[in-house]
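1. quick one, fold the following:
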Amino acid sequence: MAGEGDLDERSETQEAIMEATYSALQKCGYADLTIQAIADEFAKSKSLLYYHYDTKDDLLVDVLMDSLDRLSVEETVDASKPPQAQLETFLDNMLPATLDEDDRAFRVTIVELRAQAPMDEAYREQFARADRLVRNTLTEILDGGIETGDFRDIDVPYTVDLLLSLVEGAITRHLVTSEEATVDARDTVDRYLEANVYAG
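-> Numbers count the residues shown, from 1 in each chain. Okay, the predicted model is just below:
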């Protein structure tokens with residue numbers, strides 16, 4: 001029953017498996033993660049892990065999908081608000097000034113799994129799916145702002161690439177180097193938007 005990945009149809013057992021896997025990943029890291037380590041965090045029978053997932057890799061693909069969906073920004077943007085407010089909400093969610101323990105754990109999980117993506121097609125597919133959703137949301141915000149006159153007539157694909165590169169780099173730096181990275185990057189993004197995107 002590998003990869004029963006529809007988030008809306010997951011059972012309580014599958015949700016418990018997700019949480020056990022998150023916990024095991026945080027304790028062991030990707031390189032040392034085993035089914036036994038996951039089972040040690042799982043309150044139910046180890047056999048249930050194998051009932052729902054054929055292999056550890058199948059389980060981790062679902063964990064990755066779950067992580068990316070939990071950090072999704074598509075539903076946080078209110079299309080009824082002005083374009084600038086939409087863009088600020090988008091950035092607040094993508095590039096928060098601080099991370100609580102759960103948010104940090106999710107982002108660490110994603111960074112660890114992202115490192116495996118060059119060697120694993122299933123992981124690449126999940127990251128590509130998430131990237132498309134984020135890019136589509138940001139593109140719609142920028143296109144909408146140009147139409148209303150709130151934004152300048154910018155090169156939207158270029159701006160999307162620039163903003164997402166800054167955001168993704170800042171998140172990684174925040175986790176592995178400096179907690180100030182997201183604050184510094186947000187200041188850079190805000191200055192860029194004021195100078196190049198927002199209409200006078």
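
2. report how many residues lie close to Leu33.
-> The local packing count at Leu33 equals 18, with neighbours defined by other Cβ atoms under 10 Å. Bear in mind the C-beta positions are built from the backbone N, C-alpha and C, glycine included.

3. for the closest residue to Ala115 other than its chain neighbours, give me its contacts.
-> The shortest distance from Ala115 to any non-neighbouring residue, by Cβ to Cβ, 6 or more residues apart in numbering, is to Tyr30 (7.5 Å). Listed by Cβ atoms under 8 Å, 6 or more residues apart in numbering, the contact set of Tyr30 reads Glu112, Leu113, Ala115, Gln116.

4. apart from its neighbours in sequence, what residue is nearest the second one?
-> Looking back up the chat, that one is Leu113. The spatial neighbour of Leu113 that comes closest, neighbours along the chain excluded (Cβ to Cβ, 6+ apart), is Leu64 at 4.9 Å.

5. quick check, the one you found in contact with Val111.
-> No. Look at Leu64 against Val111 with Cβ atoms under 8 Å: they stay out of range, at 11.3 Å.

6. more neighbours: which of those two?
-> The residue with more neighbours, out of Leu64 and Val111, is Leu64; 25 against 14, by other Cβ under 10 Å.

7. on the three-state scheme, the more buried one is what?
-> Classification of Leu64 using DSSP: H, G, I helix; E, B strand; the rest coil returns helix.

8. could you check how far Asp143 is from Arg107?
-> In this structure, Asp143 and Arg107 are 28 Å apart, going by Cβ to Cβ, to the nearest Å.
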